[in-house]
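J.: predicted model, plus sequence, below.
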Amino acid sequence: MSQNQLKGQEKDSTAVKTDTAKVKKDDPKKKPAIKPYKEVITDKAVSDQGVFTVHKIEDKYYFEIPDNMLKKEFLLVTRLTKAAAGMRSGNTGYAGDQIGQQVVAFEKGPKDKILLRSISFVDYAKDSTSDMYNSVIRNNVQPIIKSFDVKTYGLAKKSSVIDVTDLLNSDNETVSFSVMYKDAFKVGAFQKDMSFVNFVKSFPGNIEINTTKTFARTLGRPLPGATPANTPKISGNYTVEINSSFVLLPENKMQARYFDPRVGYFTVGYTDFDVDPQGVKRISLVKRWRLEPKPQDLERYKKGELVEPAKPIVFYIDPATPKKWVPYLIQGVNDWQKAFEKAGFKNAIYAKVPDSKVDTEWSLEDARFSAIVYKPSDVPNASGPSISDPRTGEILESHINWYHNVMMLLRNWYFVQAAPNDERARKVKFDDKLMGELIRFVSSHEVGHTLGLRHNFGSSSTVPVEKLRDKKWLEKNGHTPSIMDYARFNYVAQPEDKIGDSGIMPRIGDYDDWAIEWGYKRFYDYKTPDAEKEYLNKWVIKNLKNERLWFGTETNPLDPRSQSEQVGDNAMIASTYGIKNLKRIVDNLYQWTETPNEDYENLGTMYDQVITQFRRYAGHVSKYIGGQMETPKTAEQSGPVYEAVAKKDQQEAMRFLEENIFTTPQWLIKKEIFEKTGKTPVKTIEEIQNGVLSRVLSPVVLQNMYQMEAVEQDTYTLVDLFSDLNNSIMKKDNPDVYGRGLQRNYVDQMIKLVDSKAPDRSDVSAIVRGNLNEIKKDLSVKASSNKVNKYHYEELIFTIEKALDPK
């Protein structure tokens with residue numbers, strides 16, 4: 001970048017002369033003539049040369065666009081650089097947050113105009129000679145965002161100068177909020193008199209526009225057909241600082257790689273009208289950085305030698321980050337270096353603190369630089385989004401969002417999952433070293449997302465549960481093969497196993513190494529995504545013989561192998577161990593949370609964490625009931641893609657639920673905890689039990705079980721399910737307050753299944769109704785000397801009769 005005063009006379013010495021005839025004042029429709037360059041870009045201009053030359057003359061801004069930049073595609077990314085007080089919504093609305101994104105291009109229009117278009121890549125046909133290509137083009141005219149009058153032309157008329165002041169000083173999706181974010185933040189009318197441009201900078205591959213904008217703050221969204229009565233009320237203003245980056249997309253496009261559901265990557269995509277002559281196909285391309293060997297190292301790379309990439313992936317640490325956490329954030333990034341060695345690159349990724357003497361152009365707002373952005377937020381979270389080229393999936397930059405209160409989340413997780421095995425976690429304020437190690441783990445996880453990797457919720461299910469208690473095995477392999485799993489910490493290990501940090505905390509594992517190798521290894525013998533497709537398929541089939549490389553999507557609601565917060569290959573066994581550890585925590589909860597000179601808030605908070613963890617175990621096991629496993633395969637692979645969870649596993653799950661959920665978990669009922677916190681045990685236990693019932697009696701689960709009966713010889717049937725539920729819930733004599741609540745909830749859940757305006761006429765409906773009738777008969781002959789139970793049975797009978805015969 002260079003910034004200097006450009007003299008109008010010097011720059012215009014060979015400019016093409018233009019008609020300077022004056023426009024008649026009585027002809028307002030006639031366009032003013034193009035002025036000579038030096039009359040527009042005067043000697044007062046402060047000019048900044050880059051991808052465009054940006055001229056500032058007093059309070060006006062001009063873009064001088066070279067002809068060779070017309071029709072070039074720019075990725076336009078808009079972010080908050082300073083957020084308004086009171087504007088935040090959930091975990092958004094902070095400095096560094098993205099508030100808009102689109103692809104745009106400048107082009108020449110008629111009558112000395114420059115047009116700014118928004119570019120879409122939704123539909124695609126690559127054969128420009130085909131009729132289909134012409135049809136796609138005709139039906140996908142890109143919208144014009146803005147039209148600019150050319151004020152003057154540059155040397156030899158090879159550049160056009162436009163006035164962009166009005167664009168920058170207005171409210172539009174180019175330099176302001178997208179409509180979606182306006183709605184989310186309740187941003188109202190633009191206040192032009194309280195808005196201004198801070199700076200515009202031009203770099204070799206991008207332009208950065210920074211503005212301060214003020215908006216009216218609304219208290220709600222307008223309703224359809226808004227009237228004065230329902231128009232949102234106005235309450236003060238929002239003032240924000242916004243940065244818009246015009247990033248030139250690579251002319252030399254990175255070779256794309258097709259998505260494979262057996263390896264978990266985020267994607268971009270389009271509808272292809274060429275690939276199938278008898279239809280269309282949705283094409284998905286994986287998101288990844290462009291890692292290439294330096295030209296002089298290409299042959300070494302092809303031979304399998306480790307080489308440094310021509311352009312490594314660099315994350316800058318936000319200077320606002322507390323200094324004591326910086327080394328851990330950096331290590332979380334650098335931990336990925338070993339994985340990239342599998343793809344043939346050394347020193348491919350690293351993090352650093354920006355050095356003002358070395359990184360002279362670095363800026364948190366500059367879209368050329370990736371960063372971990374520290375946010376002073378009470379949101380207990382972190383996230384790793386990235387910006388990519390929609391044409392190829394090439395990741396161009398990322399801003400990892402690091403919210404300050406993620407430390408509370410880490411404290412809660414580690415306390416409730418690791419305290420029985422790690423005495424450092426037996427308090428509510430962790431030492432900096434322990435917290436730093438936890439920060440390192442989350443840093444690595446979020447960086448994985450910025451590399452293109454999705455959550456692998458199935459990774460931990462490849463580990464036999466008993467290995468999670470094997471100290472030597474864990475030190476070598478870790479408790480999950482993927483840091484992209486939501487396996488968190490090893491809650492199976494028991495204190496007597498004496499498992500250390502390496503067996504409790506996640507780390508980058510076998511699956512992560514494999515996923516990076518699959519995504520980033522270059523195969524120069526194949527020049528197109530189609531050419532490498534067959535090779536990649538064979539490569540995946542070969543590698544997936546190793547079960548630890550399996551990918552389990554986070555989006556399958558029926559596969560018990562793919563679950564958040566689960567470890568081990570058998571949730572029933574793993575959860576039994578987990579409950580043993582929870583009991584240890586509850587027995588020591590008062591002591592471990594005691595804080596001098598403070599009330600019992602920490603006791604209540606960590607008790608809630610125990611409840612949440614117990615609820616997770618119940619959910620893990622519940623997913624086996626009516627479960628269906630999905631294993632994506634290509635035609636070259638044998639075995640089923642979809643198969644029902646084995647009958648024995650579903651029966652084992654039901655036994656677990658009967659013993660640990662439907663039988664009142666007395667270990668949770670601690671009088672001293674309720675005396676200090678006021679938390680009601682009845683409500684807590686009812687919520688856990690009702691959550692399980694909602695899962696196993698959901699229409700999706702019941703319909704899947706019904707379908708599986710039609711195709712499986714020996715499966716767990718609907719009749720089996722209701723028989724087991726009845727025995728676990730309804731057959732108990734003289735139930736206590738917890739048992740009565742469970743029975744009511746069970747009956748209510750079944751009534752919901754038959755209480756519909758459009759009743760299901762399948763066997764599911766018949767079985768549910770039949771089961772309700774059986775329960776009514778059993779209740780009719782039940783006798784109880786307990787008056788409360790007697791009334792309870794009568795109410796259940798009345799409720800069932802009313803549901804089955806509303807008249």
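T.: Yes, it's here.
J.: tell me what the helix or strand hosting residue 330 is packed against?
T.: Using DSSP states H and E, the element containing residue 330 is helix 326-334. Contact here means 3 or more CB pairs under 8 Å, 6 or more residues apart in numbering; DSSP states H and E; on that basis helix 326-334 packs against strand 313-317, strand 349-352, helix 432-450. Yep, even glycine has a C-beta here, placed from its N, CA and C like the rest.
J.: pull out the buried residues from the second one.
T.: Counting neighbours by 16 or more other CB atoms under 10 Å, one finds that the buried residues in strand 349-352 are 349, 351, 352.
J.: pick the one among those residues closest to residue 64.
T.: Set against residue 64, the nearest of the buried residues of strand 349-352 by CB to CB is residue 352 (34.8 Å).
J.: in the helix holding residue 330, what's buried?
T.: For helix 326-334, a neighbour-count test (16+ other CB under 10 Å) marks 326, 328, 329, 330, 331, 332, 333, 334 as buried.
J.: which one of the residues you listed is nearest to residue 622?
T.: Nearest to residue 622 out of the buried residues of helix 326-334 is residue 332 (CB to CB; 33.6 Å).
J.: just checking, the closest one touches residue 447?
T.: Yes. Residue 332 lies in contact with residue 447 (CB atoms under 8 Å); the separation is 6.2 Å.
J.: now find how far off-centre the very next helix or strand once past the helix holding residue 330 is within its chain.
T.: Later in the chain than helix 326-334, the nearest helix or strand by DSSP H and E is helix 337-341. For helix 337-341, the distance from its own C-alpha centre to the chain's C-alpha centre is 24 Å (CA atoms, centre = their mean, to the nearest Å).
J.: does anything pack onto helix 337-341? Which helices or strands?
T.: When contacts are defined as 3+ CB pairs under 8 Å, 6+ apart, helix 337-341 packs onto strand 349-352, helix 510-520.
J.: tell me the angle the longest one makes with helix 432-450.
T.: Which is helix 510-520. 40 degrees (axes from the mean of the first three to the mean of the last three CA atoms, to 10 degrees).
J.: which residues in the stretch 201-350 of the chain form strands?
T.: In the stretch 201-350 of the chain, the segments counted as strands under DSSP state E, counting those that start in this stretch are 206-218, 234-248, 267-272, 281-286, 288-289, 313-317, 349-352.
J.: run the chain-centre distance for the third one.
T.: Relative to the chain's own centre, strand 267-272 is displaced by 19 Å; criterion: CA atoms, centre = their mean.
J.: quick one, what contacts residue 516?
T.: By CB atoms under 8 Å, 6 or more residues apart in numbering, residue 516 lies in contact with 336, 339, 340, 342, 343, 451, 453.
J.: let's see 7 Å
T.: 339, 340, 342, 343, 451 (CB atoms under 7 Å, 6 or more residues apart in numbering).
J.: report the contact partners of the nearest residue to the second one once chain neighbours are set aside.
T.: Of all residues not flanking residue 340 in the chain, residue 348 sits nearest, at 3.7 Å (CB to CB, 6 or more residues apart in numbering). For residue 348, the contact set (CB under 7 Å, 6+ apart) comprises 291, 309, 312, 313, 337, 340.
J.: skip the chain neighbours and tell me the closest residue to the fourth one.
T.: With sequence-adjacent residues excluded and distances taken as CB to CB, 6+ apart, residue 313 is closest to residue 349, at 4.2 Å.
J.: likewise the third one?
T.: Nearest-residue entry for residue 312: residue 348, 5.6 Å, with adjacent residues in sequence omitted and distances by CB to CB, 6+ apart.
J.: repeat for the fifth one
T.: By the measure of CB to CB, 6+ apart, the closest residue to residue 337 outside its immediate chain neighbours is residue 349, 6.0 Å from it.
J.: repeat that for the second one.
T.: With CB to CB, 6+ apart as the measure, residue 291 is the residue that lies nearest to residue 309, at 4.5 Å, once sequence neighbours are left out.
J.: burial measure for the one you found, as a count.
T.: Residues lying near residue 291 (other CB atoms under 10 Å) number 23.
J.: from residue 785, how far out is it?
T.: 76 Å (CB to CB, to the nearest Å).
J.: and if you look at residue 452?
T.: 66 Å.
J.: how about residue 741?
T.: In terms of CB to CB, residue 741 sits 20 Å off from residue 785.
J.: which one of these two has more residues nearby?
T.: The neighbour comparison of residue 741 against residue 785 (other CB under 10 Å) goes to residue 741, with 19 against 7.
J.: that one touches residue 686, doesn't it?
T.: Yes. Counting by CB atoms under 7 Å, residue 686 is a contact partner of residue 741 at 4.7 Å.
J.: looks like residue 606 contacts residue 417 (just checking).
T.: No. Contact criterion CB under 7 Å: residue 606 and residue 417 do not qualify, at 12.0 Å.
J.: give me the more crowded residue out of these two.
T.: Legend: neighbour count by other CB under 10 Å for residue 606 and residue 417, higher for residue 417 (28 against 23).
J.: secondary structure element for the more buried one, which one?
T.: helix 406-418.
J.: contacts for that helix?
T.: 380-382, 425, 430, 435, 438, 442, 488-489, 491, 504, 585, 606, 609-610, 613.
J.: tell me which helix or strand in the protein has the weakest average pLDDT.
T.: helix 8-11 (a mean of 39; mean pLDDT, DSSP states H and E).
J.: next, the buried residues of whichever helix or strand comes after it.
T.: Towards the C-terminus, the helix or strand next in line after helix 8-11, according to DSSP H and E, is helix 37-40. Residues of helix 37-40 classed as buried by neighbour count (16+ other CB under 10 Å): 37, 38, 40.
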